[in-house]
Each structure stands twice: as C-alpha cells, then as structure tokens.
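Asks: Let's see this in three dimensions:
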Amino acid sequence: MTTKTDWLLIFTFSPVQGFISGAKKTRDLYAGSYFLSFLTRRVLEELKNQFGEKVEVIYPQADKVGKDDPYWGTIVGNYPNRFVVKVKNSTTEEVKEIVKTLKETFKTQFTELANNLKNILVWENLKNLHRCPENTHNVENLSAGMDQIDQQIGGYFQSFVAAVPLKGEYGEVYDIAERTLGGRKSWRRYEGEIDRNVYKTKDNACYFPDGCTSCGEHLHLAIDWKTFKKHLKQLKKQQKTSKDADKEITSVGEGEKLCALCLVKRELYKVRLGDYINGLSFDEELKNELKQAIERFPSTHDIALAKEKFELFERLKEIYTDEEKLKIYSQEGEPIEFFIWSLAKVINIFKDEGALSYGINRIYRKKIEELLKPLIEFAEKKPPEGIDVEKYKEDAKVAWQISAEYLSTDFVERLIKTLEEIKKEEETKKENSDKNLLKELEEKINALKEWLITLKNLYRGLKEATGEDFESKLNKTPYFAMVYSDGDNIGKILGGDFEFLEEGKTFSEEFHKEFSKKLSEYAYETAKEVEEPTDTKGVGFARVIYAGGDDLFAFLHPSEVIRTLKLTSENYKKHLQGIIKKEKATTSAGLVIGHAKVSLKYLHKKTKEAEGEAKKNFGRNAFVIKVISRSGEESSFGAKYSYGEFKTLDLLSKAVELYKNNKISSKLPYALREIADRFIPDEVENQKPKEKECEPQNPCKEKEEIADPLPFKIALTLLRRELNRKIDASQEDKEKIENFKREVEKFFQLQRNTHPNLTAKELLKNLAAMFYVARTLAEREAFTLSEEKK
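Replies: Numbers count the residues shown, from 1 in each chain. Down below sits the predicted model:
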C-alpha cells in the first residue's frame, strides 16, 4: 500500500536578470520584468485549477492583497520567479504527476509564445526573404525564422522543481527542499546556438545573422530586416481598415535587428498578454491600461522631464483661470488656442516618431489630462484661421500626451537641422531623388519651424506672467533615476535564525505564510505610495516596474529619489513588525541617476551593482546612489540609512535644500575630492588594524587606537576648512548652517567608526559624492523631507 503524506514543493525558473537587462528601451525592460511575473502567475494558476484544494500556496501571497484595486496586480508585476506550495495527502506518484504538470505548463507558455510570434510576423508574405537555397549546411529550405524562433524561445528558460515529504519540523524540511533545488539548479542544460541560419538580401547575397541589436546575446532573426520593415510599411497602408491590421510589427526602429526573445518583449501584448487579459473579468479601461503600458511605456527622456512637463501644464491652467495673469501672458505669449492646435499638428505628423507619450503613471496621466481638458475644450470652440479642424481634432484631444522632448526648443532645433540635412542629401541625387520623401520632409520641417516659434512665444509669455523660465527647465540636461531595493538577510530569516525572528516566533508553515503575506502587503502599498503619494501634490513622478516580495524596482524622476528611498526603508519596517525584530527588518537599495542617452542596459547593470555595494561596503540597511553622466563619469555615495539616531537621508535632504537656496558652492564636491587625493597619504592609511589585537569588550575603540589616526585627523581638518570656505553662513541663517556643518562632521565620524574597512581617503571622497548627489538633486528641484512634512 502506497503511503500518503503532505509534501513541500518549490518551483523556480531561470535565467532572470539576463532576460530583463537585455533591453534597449524602457518598454523592453518593463515587458521583460512583467513577462517573468506573468509566467509565475500563469503556472501557479494552472496548478490550482488542475489540483484545486490539494495544493495550498505558501509563497507568494500576492493574490491576497490589492483586491480593491486590480491595477497593481495587472499593470505592475508582483510575482517572483518562484513559488512554494504544500501538496496535501499525496503519494510519491501523485507528486511526480504534479511536477510533470508544472514543467509541461511552463513549456506550453513558450510553445504558444513562439507560435504567436510567427503569426504576427506574417511569414506567409515574407517567404522570399529567408533561407538561401544554396545554404552549404544543406538544411531544408524552410523559413529561416521559424526554427530559429523555436530554438531561441524554447531553449532559453529552464524550470526547476524540488519536492520533499513534509515530515518533521517545517524549517528542516524547507531547508532540505532549498538545498535539493540548489543542487538541481547547479546542473543546467547547454545547447549551443547552431549557426545554420542564413538569409538572402536583394542583391542575392547570403549572410549569417549578427548579434541582436538590443541584448547582444543572441543572433538576430535570419531575415533581411531592411526589406522586411519596408514590406511591413507597405502592408500597414494596405491593412489600415483591415481586421488583420495588428498582425504586423510596427515598433521595430531603424537599424534594429532583434532576436526572438527581444521581439517577444517588444511585442508582448500582441504575442501573449492580449488574449489572456481579455479573458479576465477586468473592465475595458484596465485592459487598455496594460496595452498602453507595454506598447507606449514612457521613454527615459519623458521620465527625466515628467515633473517639468506637469508644471508647464499646471501653469497654463493657472493662467487660463486667472484674468490678471492671462492679460500679462497675452502681451508676449502665444494664444492658448493656437498653442493647442499647433501641438495637435505636431502630434499628427510625428505620432509614429516619438511625439506621443502615455504618461509616467496613471495618476500623473489623469491629473495632467484634467489640467489640459479646459484648454483643449476652449481651443476646439475657438480654432484659429487656417487650421484644418477635422484633420487635427482627434490629435487635439490627446494634446496632453505630447512627449517632453517635443517641448524642448533645443530638441526641436536639432530635429529641424537633422531633417534638413537628410533633405539636402536626398536633393543631391537630382533625378534619382525620392519625390515623395522630399515632400514629406518639407512638410515636417515646416511644421517643426512653426512649432518652434509657438514654443518660444509660449515660454516668453509664461516668464512674463509667472517669472518661471520653462524654456530652460525643459532644455535642461535630461537625467532620470532607477532604483532597486530588496530586503536584507531573507535567507537567514527563512532559515529560522532566532537572531532575526521576533521573540516567540519560530520558522513554521504558519510563520512562512504570514511572512509571505506581509511581504506582499509591503510591495503593494509601497508601489502605490511611490506612484500615488499622499503627500506633496498627490502625483508621483515615478513608475514602478516590479513590486513583489521584498523587491521593488522603479523608474524615477530625480525629484523622487529621497522620498522613494525613505519609503522603501520605513515601509519595510512597518509591515514586518511583529514577526521580525525591528532592528533586523531592513532593506538595502541601489539607485542610479543617469543621462537619458546612456545605454539603458548599462544603467540597469549599475543599479544592481549599487545595491550589491550597499550590502558589501556598508553592511546592509544601506543605500548607494550613483550619478552617471553621458560621458560615463561616475560619482558614488553610500551610507547606512541610519547610524543609531542619526538619519542619513535627513542630512542629504538638508544639503539639497541648501543647494536650492544657493548656500553651498557648486565647487564643494570637487574641492573635497581634490584634497583627498592631494593631502591624505596612501602609505599610512592602508595600515589596517589586526582583529586579534582588539579587546573583546571594546573592539571598535581598540581598532581606532591601533590604526594610525593621522589620515583621519588630516581628513577631518581639511573637511572643516572646506565647509567653512564653501558654505555661505549669512547672519539670518547662521545657526542653521553651523548645525548643518556639525552634522556633516558627525556623519563623517560615524562612518569612520562604523566602517573600518573604508580608508580616510575613501570616506572623504564618499562625502564629496554626497554633495555632488545633493547638487544634482537640487538642480532638478528634488522633494526634500521638510517639504513632505508640510
């Protein structure tokens, strides 16, 4: 007789980071992260559908939170790439059947994915673009992309399952299951990419595909992409009114050649999510939200200028509703109705070239739409002469969706120059020139020149009426931020380490469920607060990519940096109180502020690196902020969130405020960096204390006595001198400035005492980086903690 018992089953799949980070555009990064969450959710749903109450989910508990607002479970990925379930009262054979079902369900997702991708590529119309008949590998003359898609998609992800009888202490069984899973993950199937795919171009030459232009890890699909995109453009015109109009790729840019995996991310809604979401009982607004999130995710430039764009429309609304301001504005500014219709014309002409942005998040979009709604209605009632109302009326309705780039006079001027150069080059071909292209270029150049005049008049009028220079604001160097935060010591907590668990708690099945639910609540509420804050104006200039378990990953406008770091740290403590000791419920975060033109893949990598550095160099409960310029120059500031009662973010916030008020010299970071290099000796600072020589009862004090104090004393003296030189302490705020200087010195000493692994030179450079970060945030009018409290 076969014995029945309960089992603990853990499922996971990989790779994860490689799939997410291989992204050229923000929409690819979002889609990659969302797809992995979707995979876990689908496999878990299928498991519950087939086996019902026989299966009980322990981790994650994502479906238990946010039921009143399905947006967060639908638009924001909230499932990790693993789950833990209890299989009740089952034999070994029954569990094997469940494991088999899991693996087959997982594999089915990719089979469907590959087939859907083939369908949207309209292969039947492209047979002649593929495999060369004279292929020396003598492979059958089939469409090159077909088997290449199966190979790339079907062979990329691997699933792993461990199932252990639930006998004895839960913690011990869980530990065995994790070790078993780890052993299985250490062996991975390897299948080399067979270089058999060849494609033929117009000149009948045969070529092997190069690397994908997005991830660079796989070969791009073996098709002539230039001819392929030209074909799709023609197909689009033919199918404008056809039911099959969506069976095409419309978002592959010039020069892009993608592998199957990157194409899945680029067209995720069409190839996988559309049918699934349409089958759910969500309203049409939410379904459309997901479609727009994937297909029209905000660009890095739009994220970088989200706050400035919002404030521009906010001022326009204020002027429109204030007769006195409107009168002043009208003396120099463009008539508001002319601005709206001119904007609509630009959207109409450039909608396929990045002129439209769906907004950084839903609350931002709703509020910015509300701001412009009365202006758009006014413009519709009073269209200027010469405007083709019928042609542009639909574009006028979505005027609020204009990309921030098209509100920059510098960008518009550069775009005009680029188009004029293309036009000039085409004209040199004389009788061989493309007349249709020349006509199209002429229309675009004229529209942009008209738009440029409109913008300059608009900004001139706004400056007269409000005193704000929006032209400079929207022309500023575009920097945006990425943040990755996760919980500390999760492995030790799940290992039942009593150092971390609240008194009276043990790592049991009930504890694991409670812990999972608390993590899901933390992720849900923190993500919501990041995008829809209850403080400031109720608008978060941020977009959460993933919020599940102890992890949160988001894009931010630089103004949101301090607020978001504070949220992740404090919310984690709040939600885990009662099960984890308060001082042990900590997170660490990596945050990068980067130029919008820097490679997204590189910035994502740097964000993960920063999070690792926070844990390694500052001992968890820490963060590292990196500022990366377009040239690649990097400044990195790291610290613990708190040193006892001392709050690091409070200090950073005060530095930002002083920079905003022009109290700190912009040269301070460079001065501190220079004196660290010039005056602090290398040969002495590297004499590290020996651990064995420390007194057991007071090791830190002993370390300070053994280590040569000269570098630290020199650094502290030089720091005081530079603070006095570079910070303006005028009479009215002298006390405030002096207190700030003392706090800076205290912070420097606290870091010295807490992080003996860091030299005096490294600590001084770290402080220089703090001032550089503060200056960067101040230039982008970052929210400070004192402003939040108002």
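Asks: Return the helix or strand in the protein with minimum mean pLDDT.
Replies: helix 699-706 (a mean of 43; mean pLDDT, DSSP states H and E).
Asks: Would you map the helices across the stretch 451-600 of the chain?
Replies: Along the stretch 451-600 of the chain, the segments classed as helices by DSSP state H, counting those that start in this stretch run 470-475, 490-494, 509-531, 561-576, 600-618.
Asks: swap in the stretch 51-200 of the chain?
Replies: 71-74, 92-120, 144-154, 170-185.
Asks: mind giving me a markdown table with the ones you listed and columns for mean pLDDT and mean neighbour count?
Replies: Every C-beta, even on glycine, is put in place using the N, C-alpha and C of the backbone. As requested, the helices of the stretch 51-200 of the chain are exported to a markdown table (pLDDT from 0 to 100; neighbours: other C-beta atoms under 10 Å):
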| stretch | mean pLDDT | mean neighbour count |
| --- | --- | --- |
| helix 71-74 | 75 | 21 |
| helix 92-120 | 85 | 16 |
| helix 144-154 | 73 | 21 |
| helix 170-185 | 91 | 16 |
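Asks: between the ones you listed, which gets nearest to residue 586?
Replies: helix 170-185 (22.0 Å; C-beta to C-beta).
Asks: what packs against the closest one?
Replies: Contact analysis of helix 170-185 by 3 or more C-beta pairs under 8 Å, 6 or more residues apart in numbering; DSSP states H and E lists strand 5-14, strand 158-165, helix 509-531 as its packing neighbours.
Asks: Parallel or antiparallel, list what pairs with the shortest one.
Replies: Using DSSP bridges, the strands paired with strand 158-165 are strand 5-14 (antiparallel).
Asks: Now the element after the strand it pairs with, going C-ward?
Replies: Note on strand 5-14: by DSSP states H and E, the next helix or strand toward the C-terminus is helix 17-21.
Asks: Can you dump the C-alpha atoms of that following helix in PDB for me?
Replies: The C-alpha coordinates for helix 17-21 follow below in PDB (Å, rounded to 0.1, in the frame of the first residue of the first chain):
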ATOM      1  CA  GLN A  17      18.400  39.100 -14.800                       C
ATOM      2  CA  GLY A  18      19.800  38.400 -18.300                       C
ATOM      3  CA  PHE A  19      16.400  38.400 -19.800                       C
ATOM      4  CA  ILE A  20      15.300  41.600 -18.000                       C
ATOM      5  CA  SER A  21      18.500  43.600 -18.500                       C
END
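Asks: quick one: contacts of that helix?
Replies: 29, 32-33, 35-36, 156-157, 215, 217, 261, 601, 604-605, 608 (C-beta atoms under 8 Å, 6 or more residues apart in numbering).
Asks: ok so, going back, out of the helices of the stretch 51-200 of the chain, the one nearest residue 596 is which?
Replies: That would be helix 71-74 among the helices of the stretch 51-200 of the chain, by C-beta to C-beta, at 26.7 Å.
Asks: Run through the neighbouring helices and strands of the closest one.
Replies: Checking 3+ C-beta pairs under 8 Å, 6+ apart, helix 71-74 ends up next to helix 284-295, helix 509-531.
Asks: Kindly recompute the last result at 6 Å.
Replies: Counting contacts by 3 or more C-beta pairs under 6 Å, 6 or more residues apart in numbering; DSSP states H and E, helix 71-74 packs against no other helix or strand.
Asks: Looking at the contacts of helix 17-21, which is nearest residue 526?
Replies: Within the contacts of helix 17-21, proximity to residue 526 (C-beta to C-beta) peaks at residue 33, which comes in at 16.2 Å.
Asks: mind checking which helix or strand that closest one is in?
Replies: Judged by DSSP H and E, residue 33 forms part of helix 26-51.
Asks: Give me the buried stretch members for that helix, please.
Replies: 26-44, 46-48, 51 (16 or more other C-beta atoms under 10 Å).
Asks: Compare the helices of the stretch 51-200 of the chain and give me the one nearest residue 15.
Replies: Per C-beta to C-beta, nearest to residue 15 of the helices of the stretch 51-200 of the chain: helix 170-185, 10.7 Å.
Asks: how much does that closest one deviate in direction from strand 158-165?
Replies: 150 degrees (axes from the mean of the first three to the mean of the last three C-alpha atoms, to 10 degrees).
Asks: Output stretch 546-553 in CSV with nothing but the alpha carbons.
Replies: Backbone C-alpha positions of stretch 546-553 (Å, rounded to 0.1, in the frame of the first residue of the first chain) are rendered in CSV as follows:
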residue,chain,number,x,y,z
TYR,A,546,8.2,45.4,-10.4
ALA,A,547,7.0,45.1,-6.8
GLY,A,548,6.8,41.6,-5.4
GLY,A,549,8.0,40.1,-2.1
ASP,A,550,10.9,42.1,-0.7
ASP,A,551,11.9,43.6,-4.1
LEU,A,552,11.0,46.9,-5.7
PHE,A,553,12.3,48.2,-9.0
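Asks: re the thing from before, please work out which of the helices and strands packed on helix 170-185 is packed deepest.
Replies: Between these, helix 509-531 has the highest mean count of neighbours, a mean of 22, where neighbours are mean count of other C-beta atoms under 10 Å.
Asks: by contact count, what packs against it?
Replies: Checking 3+ C-beta pairs under 6 Å, 6+ apart, helix 509-531 ends up next to strand 55-59, strand 542-548, helix 561-576.
Asks: before we move on, the earlier item: same list (the helices of the stretch 51-200 of the chain) but as JSON lines, adding distance to residue 442.
Replies: Output for the helices of the stretch 51-200 of the chain, formatted as JSON lines (distance: least, C-beta to C-beta, whole Å):
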{"stretch": "helix 71-74", "distance to residue 442": "44"}
{"stretch": "helix 92-120", "distance to residue 442": "34"}
{"stretch": "helix 144-154", "distance to residue 442": "38"}
{"stretch": "helix 170-185", "distance to residue 442": "59"}
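Asks: Which residue, other than its chain neighbours, is closest to residue 163?
Replies: Distances taken as C-beta to C-beta, 6 or more residues apart in numbering place residue 9 nearest to residue 163, at 4.5 Å, with adjacent residues excluded.
Asks: Show me the beta-bridge partners of that neighbour.
Replies: Here residue 9, judged by DSSP bridges, has bridge partners residue 85, residue 163.
Asks: just checking, it touches residue 165?
Replies: No. Contact criterion C-beta atoms under 6 Å: residue 9 and residue 165 do not qualify, at 10.6 Å.
Asks: Give me the number of neighbouring residues for the spatially closest residue to residue 568 that is not a sequence neighbour.
Replies: Using C-beta to C-beta, 6+ apart and skipping the chain neighbours, the partner closest in space to residue 568 is residue 485 (4.2 Å). Neighbour count for residue 485, taken as other C-beta atoms under 10 Å: 25.
Asks: how far away is residue 485 from residue 666?
Replies: For residue 485, the distance to residue 666 (C-beta to C-beta, to the nearest Å) stands at 30 Å.
Asks: Name the stretch among the helices and strands packed on helix 509-531 that sits most buried.
Replies: The most buried one of the helices and strands packed on helix 509-531 (mean count of other C-beta under 10 Å) is strand 542-548, showing a mean of 26.
Asks: which secondary structure elements does that strand contact?
Replies: helix 26-51, helix 509-531, strand 551-556.
Asks: Now do the strands in the stretch 351-500 of the chain.
Replies: Along the stretch 351-500 of the chain, counting by DSSP state E, counting those that start in this stretch, strands occupy 479-487.
Asks: Can you check which of the helices and strands packed on strand 542-548 gets nearest to residue 569?
Replies: Closest approach to residue 569 among these (C-beta to C-beta): helix 509-531, 10.0 Å.
Asks: circling back: so can I have CSV of the helices and strands packed on helix 170-185 showing distance to residue 494?
Replies: Output for these, formatted as CSV (distance: least, C-beta to C-beta, whole Å):
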stretch, distance to residue 494
strand 5-14, 11
strand 158-165, 14
helix 509-531, 8
